[in-house]
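# Output the structure for:
(3 chains)
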Amino acid sequence: MIPFLKNAIISGTPLVFGILGAMYNEKAGNLNLGIEGMMLMGAVAGFHIAMATLNPVLALLAAMVFGALGALIYAFLTVTLRANQSVTGLALTIFGTGLSRFWGKRLMGLVLPETFSRNFRPISIPFLSEIPVLGPILSVFLEQDLFVYLSYVAVILSGIYLYHTRMGLNLRAVGENTAAADASGINVTLYKYAHILLGGALCGLGGAYLSLVYVPSWQDNITSGRGWIAIALVIFTSWNPYRAFWGAFLFGGLDIVGFRIQTLNLPVTINQHFLRMLPYIATILVIIVGAIRKSTSHMPPKDLGNPYFREER
Amino acid sequence: MNKTVYVEMRNICKTFGVIRANIDVNFSVLEGEIHGLLGENGAGKSTLVNMLSGIYRPDSGNIFIHGKQVSINSPRHAIDLGIGMIHQHFKLVDVLTAAENIMLGYRNPGFTSRKSMIKSIRDVMTRYGMEVDLNKKIRDMSVSEKQTVEILKVLYRGSKILILDEPTAVLTPQETKKLFAILRNLAETGCAIIIITHKLNEIMEITDRVTVLRQGKSVATVETAKTNIRELTELMVGKPVNLSIERVNTKKGNILLSVKDLTALGEHNVPVLENVNFDMYEGEILGVAGVAGSGQKELCETIAGLYPVAKGDIYFKGENIVGYSPREIIRRGVSMSFIPEDRLGMGLVPSMDMVDNMLLKDYVNQPGITISRKPAKEKAERVLKRLDIQAPSIYTPIRKLSGGNIQKVLLGREIDANPHLLITAYPVRGLDIGASYTIYDLLKEQKQKGVGILYIGEDLDVLLELCDRIMVLCYGRVTGIVDAQSVTKEDLGLMMAGVSPVKKEDAACKL
Amino acid sequence: MQIVKREGASVKQLVIIRLIAIMAAIIVSSVFIVFLGYDPIRVYINIISGALGSNIRFRSTLLEMVPLVITSLGILVAFKMKFWNIGGEGQILMGAFAATYIALFADWVPKYLVLPVMFIVGFIAGGLWGLIPAFFKAKFGANETIMTLMLNYIATQWVTYLQYGPWRDPNLKGFAKIANFPDHALLPKLFGIHIGFYLSLILVAVISWFLRKTKRGFEIAVVGESVSTARYAGMDISRIIITTMLLSGGLCGITGVIQAAGVNKTLTMNVSSGYGFTAVITTYLSGLSAPRVLVVSFLFAILLQGGSYIQSALQIPQAAADVLQGMILFCALGSEFFARYKVRFAKKNSVSSEVK
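Numbering: from 1, shown residues only, chains lettered A, B, ... in the order given. Below is the predicted model of the structure:
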């Protein structure tokens, strides 16, 4: 059971980054459908730099930069040029997918040398599992690699940022009621750009986890739809970073349950595919219930998807 | 006491497309003064103060703060200059608490903890005598509480120039008293306060000076102590103008529309129409006067079936039409043309041409699933000729036509449907003299045919000459239904401000 | 500097803006191509000749066009109503799924009726898949962008399940695949192209007529432009949303039938192959006009077809064509801005401050 849970964390880590990335975009009021594209861009950039420099820090930075670059194109088009957000996001996904596939052609089949991958080996904490009850539970979360720890940091920092800092408060206002934020003197354009780019950087990290640690080599379409799952899960987890973590954990686990069950030789190819449907079904249910009940605690930011201009007369 | 000028706006002009909102306006406020800004709809009050709050920028003219010229580029800049705006439609984030809304966008040096900010907010509250639960979410608050938060937000930033846009519109008399006490308090500390309102008794009660705007121009600035309600009304509506519309006298027919105790609710469940009672007859023009937002739009829409009725009945030719669908009401012969401020988007589709816009009402009656544009084309040509519409062709998208012509299209379409009851709101908004007279003639023609016309308009002179009777609305209530030939323009002005013509003192609009 | 809404650009202005967008796209892509170490002119020539250079290639281009055209028509109908249907992928797959059932498992259908019935059920299945988000939007105001998107992946998983599970062809050892359709369930060819192509042309005419000449088409246009005006005209908005989405999903469903019965000759997840998303872009670029959809789809097909040609001819990976596509899309999206807004440079006020 414990090894399964540990793998669930690992499987969910790219989702954590993806969900946080999508969340920042949406908190700023932008529905960005280009998550998959940004994750792939980060994945390929991170992998390339990792192979070239064998330096984990540079690799992660590269992933963040390229994720953010994709986001920059999206931000410029939707915030400054006021283009349709959904269509632009899709264009970003097409672009990002193509770019990563193209760039990755030369990287196909390459494997990261041991000198690099040892940076991301799971930490083992001696005697931890021997502590009764708490020990094994903690080991699930703590005996992981540094990248996973990075995801914890991202979640916690996001929680603190959003709910305990003034900038986080301002951000929430931008997505909820852009006119009110503007009237309060908040620089709406700056906040949107900054957080869309931040979201892109996080998505890049999510992709990089796949190419640097999870797989770890380069494959075409290495994200295999995780970007879309992330978009679904942001809604399912109500735009809350802590819930995002648990959501990623849950669906990361569901993803690998399928494989496990297969090895048990039960007639359960059924389960695997229906399990894969779950994040999407769950999200649809959340949207429907939310729309029926108009319950305000699980609503999206009110101004999500609305472009904002001041001189509206 | 010699008070210095705090804010001065000189020769301010602002135009939106073809609408000239502010024409060479001069306006100044002294330190420690409460200055009222008075005017009818579209007089330019909101536009003027929005230039102080950084939402709009003047096309020409200058703004001075303490004698120094400034150019206010953004709300942030306005805040930095000490200008604080309390909006009529609150700019608050529903899902956040009062404290959070007050802290929003606040910049201060260093890293101040939330606790200390809350403490300083409380200090402000006690200093000015205000009370509100800082941890309550905005969506759970009453209107008056929300307004308190708006005010606190502005005070917290140390604003010394306060602008209040129709602050008492949604307050009870007791809440209004409280607000005024706070304002007096603030004025004593040296703040310059600008209050936009059209409640004349409030102007008399709270302001030191009043500036009156009319049709975009600043017509007068007077000291409140030296004026009275009559004089202010006269300044606001202007002297009566003879327009020579020449009312036609027709025999009043049967009762057409009978509205009983009509009540409709709006935002915050505040009534937008309250116990409205009136009758309309065939062959008469009943005018509706009132300040913008007094319920005219909702009145039109409830009769047309587009706005929910909370209480009351509407009898059209004896039948109670409350709850009927818009299409059923249209079928019974009720036609409505409503020209909103932006003149589009309510009866017409801007990107479509005249033919398709004519089609909007009739297409339903054509048999089968296809539509033939032939009857619509004929209708378009008829309307074009009859109203002398200036358009390159009937196939030009109507958004390319001038505002006046667009209005003619809308009215023309409605008249062509031969309605029994014609509701028309602001049909001559923004039209030039010639076009306006064409519209008046059309309406007179309809009246002679026995159509009952509900005419909602802004220009009191027109109402006096065109209509048979005039109903005045103030905050959703009927303050008077009078015979147009015997009432004076001043009386209308008073009724619009909530003063009943019988008691000219201070029977304010009780809410 | 101020940004002001434009009243409405003239046709001439729109054409200029579009041309500028294309120019910008070509410049940007040329830079990219040079970066790859190739001669841009040579690449463009190869793309065009790869798509149009011979009979066979031309036919492939036309085939490529078919799913784009039909799906775009479906998306167009929804977009005209400002209903953001991003669920084309799922609707295509559901249409293909229903058709596959008829093709492979419905023995009770006489052979000569199989194809027509496939089209009918494909239309219905796609339509129903589009109905779900429409219903919730009409009744409860639920966000349709996300719902249609989610339904895509549910459909994908459903098809994958069938492919690996109950519908897996027992005769094929090795990889999982659904059996090929029998001959009577395949689209016949006419002049070397399967009839789906001709059907797509007919549909362009039909939808064009539908939007222009029927009551529903008129209602869709009005609802899309101004919901309040639609209400004033007495239209039943809910009903319009729901029936329009039935049509929209249905058209995508037909794409699924055609791809399954004409190209893939079976049901796989690749039947939709991204067309649902690409169609969103082609529809948007066509400015919501049915005949223009034909033109834009044709141009896109050239790009796609030519893109795979240069892969073998010039050793440029297919992915490069995708990157090009993305860049062109960005340029087109960006150019919309200039069609909708004017940028004004305000002069500083030079009013002398007189002292009173």
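# Show me the helices in the chain, by range?
In the absence of a named chain, this looks at chain A. Under the criterion DSSP state H, helices of chain A are mapped to A:2-27, A:35-53, A:56-75, A:85-104, A:114-117, A:134-142, A:146-164, A:166-176, A:178-183, A:188-209, A:226-236, A:241-263, A:269-293.
# oops, I was thinking of chain C
With DSSP H as the criterion, chain C has helices spanning C:11-36, C:40-52, C:55-79, C:88-105, C:114-140, C:144-164, C:196-213, C:215-225, C:227-232, C:237-258, C:275-285, C:290-313, C:318-340.
# hang on, the earlier thing: out of the helices of chain A, nearest to residue C:273?
helix A:85-104 (12.7 Å; Cβ to Cβ). Yep, even glycine has a C-beta here, placed from its N, CA and C like the rest.
# neighbours around residue B:115, how many?
8 (other Cβ atoms under 10 Å in any protein chain shown).
# That one belongs to a helix?
Yes. According to DSSP: H, G, I helix; E, B strand; the rest coil, residue B:115 belongs to a helix.
# mind listing what it touches?
With Cβ atoms under 8 Å, 6 or more residues apart in numbering or on different chains as the criterion, no residue contacts residue B:115.
# ditto for the one 10 residues further on
With Cβ under 8 Å, 6+ apart as the criterion, the residues that contact residue B:125 are B:131-132, B:152.
# among those residues, which are in strands?
For these, membership in strands holds for none, with DSSP state E as the criterion.
# any idea which of those residues is closest to residue A:97?
For the contacts of residue B:125, the nearest to residue A:97 is residue B:152 (50.2 Å; Cβ to Cβ).
# Between the helices of chain A, which one is closest to chain C.
helix A:85-104 (2.5 Å; Cβ to the nearest Cβ).
# what's the angle from that closest one to helix A:2-27?
130 degrees (axes from the mean of the first three to the mean of the last three Cα atoms, to 10 degrees).
# could you say what helices and strands helix A:85-104 packs with?
Contact analysis of helix A:85-104 by 3 or more Cβ pairs under 8 Å, 6 or more residues apart in numbering or on different chains; DSSP states H and E lists helix A:35-53, helix A:56-75, helix C:275-285, helix C:318-340 as its packing neighbours.
# dump the residue contacts of the nearest residue to residue A:276 once chain neighbours are set aside.
The shortest distance from residue A:276 to any non-neighbouring residue, by Cβ to Cβ, 6 or more residues apart in numbering or on different chains, is to residue C:157 (4.7 Å). Counting by Cβ under 8 Å, 6+ apart, residue C:157 touches A:273-274, A:276-277.
# Buried subset of the residues you listed as a PyMOL selection?
Filtering these down to the buried ones (16 or more other Cβ atoms under 10 Å in any protein chain shown) takes a single PyMOL command:
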select buried, chain A and resi 273+274+276+277
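# Turn the contacts of residue C:157 into CSV, including distance to residue B:426.
Formatted as CSV, these follow (distance: Cβ to Cβ, whole Å):
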residue, distance to residue B:426
A:273, 60
A:274, 59
A:276, 58
A:277, 54
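# for the contacts of residue C:157, which one is nearest chain B?
residue A:277 (31.2 Å).
# On the three-state scheme, residue B:26 is what?
strand.
# Look up how far residue B:350 lies from it.
Residue B:26 is 37 Å from residue B:350, where distance means Cβ to Cβ, to the nearest Å.
# quick one: low-confidence ranges for chain C?
C:1-10, C:316, C:344-356 (pLDDT under 70).
# Where does it get nearest to chain B, which residue?
Counting by Cβ to the nearest Cβ, chain C gets nearest chain B through residue C:234, at 3.3 Å.
# That residue: neighbour count?
19.
# Residue A:123 now?
Counted with other Cβ under 10 Å, residue A:123 comes out at 12.
# Disregarding flanking residues, what is the spatial nearest neighbour of residue A:187?
Using Cβ to Cβ, 6+ apart, the nearest residue to residue A:187 is residue B:76, at 6.9 Å.
# Residue 117: what's it in contact with?
No chain in the question, so chain A it is. A:212-213, A:216.
# should've been chain C
By Cβ under 8 Å, 6+ apart, the contact list for residue C:117 reads C:102, C:106, C:109.
# Could you pick out the residues of chain A near chain B for me?
A:164, A:166, A:169-170, A:172-173, A:176-177, A:179-187, A:296, A:299, A:302, A:310-311, A:313 (Cβ under 8 Å from any Cβ of the partner chain).
# if we can go back for a sec, neighbour-wise, which of residue B:26 and residue B:350 wins?
residue B:350 (20 against 15).
# what about the residue lying closest to residue B:248 once chain neighbours are set aside, how many neighbours?
Distance criterion Cβ to Cβ, 6+ apart; nearest residue to residue B:248, sequence neighbours excluded, is residue B:444 at 5.0 Å. Residue B:444 has 18 neighbours, counted by other Cβ under 10 Å.
# Neighbour-wise, which one of the contacts of residue B:125 leads?
Busiest of the contacts of residue B:125 [other Cβ under 10 Å] is residue B:152, holding 22 neighbours.
# quick one on the thing from earlier: in a markdown table, list the contacts of residue C:157 along with pLDDT.
Below are these laid out as a markdown table (pLDDT from 0 to 100):
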| residue | pLDDT |
| --- | --- |
| A:273 | 78 |
| A:274 | 80 |
| A:276 | 79 |
| A:277 | 85 |
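# ok, of the contacts of residue C:157, which one's closest to residue B:57?
Distances from residue B:57 to the contacts of residue C:157, taken by Cβ to Cβ, are shortest for residue A:277, at 53.1 Å.
# Residue C:157 versus that closest one, what's the distance?
With Cβ to Cβ as the criterion, residue A:277 and residue C:157 are 5 Å apart.
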